[in-house]
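J.: Predicted model, plus sequence, below.
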Amino acid sequence: MPTNLRALAAQCCYQVVEQGRSLSDVLPKAQQQLADSKDQALLQEICFGVLRYLAQLDAICRQLMEKPLIKQLRPLQFLLYVGIYQLHWLRIPDHAAISETVEAARQLKGKSMTRLINGVLRTVQRRPELFQFEQQPDAVRYSHPGWLIKQLQQAYPADFADILQANQLKAPLWLRVNLQQVTVAGFTQALTEADVEWQQPLAELPEAILLSKAQDISSLPGYQAGWFAVQDAAAQFAAHLLEPADTHRILDACCAPGGKTCHLLERAPGASVLALDVDASRLERVHANLDRLQLQADVRAADASEPDSWWDGQLFDRILLDAPCSASGVIRRHPDIRWLRKASDIDALAAIQQRMLRQLWPLLKPGGILLYATCSVLPQENSTQLTQFLADTADAQLLPIQGKSQGWQILPGQQQMDGFFYAKVMKQPLAEKNL
Ligand SMILES: C[S@@+](CC[C@H](N)C(=O)[O-])C[C@H]1O[C@@H](n2cnc3c(N)ncnc32)[C@H](O)[C@@H]1O
């Protein structure tokens, strides 16, 4: 791997787009090669930016080059995107952006391409009109794949452009106060004393604190003592909607990295929580979060859709099914998602989600609540799932959330939150069922 920051950025983006690897997999490895934390942050900023504006960067290159670079030189194509992104979107002096990018080409074994790269970047510098995208096809204008734009347009004819634009913005930093360790007033006072600007914008989520600026969270007051966790406000609704109590036996069927497991325990520390995830490697983070926040759960690697392999036969009062999904509601946090997902993935995910709902339903006590959650904005993963499930599950009753009777869809950017979907389903109590 190269050690030049621009070369690393080009490699990371190339690995995401051309090799289908997740940015959260490749970026930390690349960051480890940079000693300075400012460089690590800049690398992230460039990778996020290139993946956000990929279709626009590509459209510019198409105008300036006769044809894209051949397969062996593809990382250099991404280096061009890195260079153009810096020139237009970052406050790095043009001469530095260009010379660093040309130097990066040498590291990527593209010495013969340095003239071309230099030429393209200097042309971009002189032609600001290249960044006018309003008249371009939607896939370029919004920098999302066509299939996703089409699905969003069908689902949200009036709002789809707002959703696509919200996906292009940087996500804010939300914290969740751990009420087992500190009060909201105590934590926010400590933030103020540390000169950290904060807001508490959602009356229904008093422990959700929005910071005005991105921060190194490990340097915030009370990090080691477990006073808070990072969690988007949309995700913080889960532990409220599920109404956990100390007496409850709760199943968190897809728990990793443990954000909602911890929040459930913060709200009901006496509850007995079984937290499953099929990916054993992701459970390390669940344990780490529970330890830091000083909480306890029974954490196990298991396939939630196959209860025969892990269930002890005792019914649960509450089930959280935070299902694997397209993550189309959190594109602003993970700009690579739009390029990694394919239209065909949605059918496969929907089948898994439906199977999980049906397999877990018998494990719920009569009178108990199952909360179905996804960080998706696609109806196929959300309202359609519920409609199918309710159609042939006689003892399932959908409870309204925030006045919505068909599940609650939060759109990205709404009240500064991620896109999320919740449906709260109650199993009819036995007495009513027998009437
Ligand atoms: C949306 S994430 C869960 C986020 C988590 N609830 C939180 O708040 O931190 C979905 C999780 O489902 C897990 N998963 C996927 N298929 C599963 C299955 N069949 N059984 C259990 N977990 C599964 C994935 O490994 C992933 O960690």
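T.: Perfect, thanks for sending it. Numbers count the residues shown, from 1 in each chain.
J.: Okay, and the closest residue to the ligand within the stretch 101-250 of the chain sits in which element?
T.: With CB to the nearest ligand atom as the measure, Ala235 is the residue of the stretch 101-250 of the chain nearest to the ligand, at 5.9 Å. (C-beta placed from N, C-alpha, C; glycine too.) When elements are assigned from DSSP states H and E, Ala235 belongs to helix 233-236.
J.: what residues does that helix touch?
T.: 174, 176, 202, 205, 207-208, 210, 259-260, 263, 329, 375, 410, 415-420 (CB atoms under 8 Å, 6 or more residues apart in numbering).
J.: Mind giving me the PyMOL select for those residues, buried ones only?
T.: Paste this into PyMOL to select the buried members of these, with burial taken from 16 or more other CB atoms under 10 Å:
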select buried, resi 174+176+202+205+207+208+210+259+260+263+329+375+410+416+417+418+419+420
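J.: And what about Leu370, helix, strand or coil?
T.: Secondary structure assignment for Leu370 (DSSP: H, G, I helix; E, B strand; the rest coil): strand.
J.: That one against Asp317, yeah?
T.: No - between Leu370 and Asp317 there is no contact under CB atoms under 8 Å: 10.4 Å.
J.: all strands for the protein, in order.
T.: Counting by DSSP state E, one finds strands in the chain at the ranges 173-177, 198-199, 208-211, 228-230, 249-252, 272-277, 298-301, 316-322, 364-374, 396-399, 408-410, 420-427.
J.: wait, isn't Ala245 in contact with Pro269?
T.: No - proximity of Ala245 to Pro269 does not meet the contact threshold set by CB under 8 Å, at 10.7 Å.
J.: Tell me which residues of stretch 418-428 come out buried.
T.: Within stretch 418-428, the residues scored as buried using 16+ other CB under 10 Å are 418-427.
J.: Return the closest of those residues with respect to Ala194.
T.: Using CB to CB, the shortest approach to Ala194 within the buried residues of stretch 418-428 belongs to Asp418, at 26.0 Å.
J.: ok, the closest one - contacts?
T.: With contact set as CB under 8 Å, 6+ apart, Asp418 has these partners: 171, 232-235, 329-330, 332-333, 375, 410, 412.
J.: so Ala194 touches Asp216, yeah?
T.: No - with contacts counted by CB under 8 Å, Ala194 stays clear of Asp216, the gap being 11.9 Å.
J.: who has more neighbours, those two?
T.: Using other CB atoms under 10 Å, the more surrounded residue of Ala194 and Asp216 is Ala194, with 12 against 9.
J.: Skipping adjacent residues, who's closest to that one in space?
T.: Counting by CB to CB, 6 or more residues apart in numbering, the nearest residue to Ala194 once its immediate chain neighbours are dropped is Pro221, at 5.4 Å.
J.: what about that neighbour, how many neighbours?
T.: Neighbouring residues of Pro221 were enumerated by other CB under 10 Å; the total is 19.
J.: Could you pull up the contacting residues of it?
T.: The neighbours of Pro221, taking CB under 8 Å, 6+ apart as the test, are 187, 190-191, 193-194, 227.
J.: Taking those residues together, which two end up most distant?
T.: Of all the pairs that the contacts of Pro221 form, the one spanning the most space (CB to CB) is Glu193 and Trp227, at 13.3 Å.
J.: quick one: which of those two has more around it?
T.: For Glu193 and Trp227, the more surrounded residue by other CB under 10 Å is Trp227, and the numbers stand at 23 against 9.
J.: Quick check: pLDDT value at the nearest residue to that one once chain neighbours are set aside.
T.: Across the structure, with CB to CB, 6+ apart as the measure, the residue nearest Trp227 apart from its sequence neighbours is Val182 (4.5 Å). At Val182, the model reports a pLDDT of 98.
J.: What is the burial count for Val182?
T.: Counted by other CB under 10 Å, the residues lying close to Val182 total 20.
J.: per-residue pLDDT, Met1?
T.: The predicted local distance difference test score for Met1 is 55.
J.: do the same with Gln72
T.: Each residue has a pLDDT score; the one for Gln72 is 82.
J.: same thing with Glu432?
T.: As predicted, Glu432 sits at a pLDDT of 55.
J.: Just the CA atoms from stretch 330-350 would do, formatted as CSV, please.
T.: Included here for stretch 330-350 are C-alpha records, laid out as CSV according to Å, rounded to 0.1, in the frame of the first residue of the first chain:
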residue,chain,number,x,y,z
VAL,A,330,-27.9,6.1,6.6
ILE,A,331,-26.2,7.0,3.3
ARG,A,332,-25.1,10.3,4.8
ARG,A,333,-23.0,8.4,7.3
HIS,A,334,-21.8,5.7,4.9
PRO,A,335,-21.5,7.3,1.4
ASP,A,336,-20.2,4.0,0.0
ILE,A,337,-23.5,2.2,0.6
ARG,A,338,-25.1,3.6,-2.5
TRP,A,339,-22.4,2.1,-4.7
LEU,A,340,-22.2,-1.2,-2.8
ARG,A,341,-25.9,-2.1,-2.8
LYS,A,342,-27.5,-3.5,-6.0
ALA,A,343,-31.2,-3.5,-6.8
SER,A,344,-31.3,-7.2,-6.5
ASP,A,345,-30.0,-7.0,-2.9
ILE,A,346,-33.3,-5.5,-1.8
ASP,A,347,-35.4,-8.6,-2.7
ALA,A,348,-32.9,-10.9,-0.9
LEU,A,349,-32.9,-8.6,2.2
ALA,A,350,-36.7,-8.5,2.2
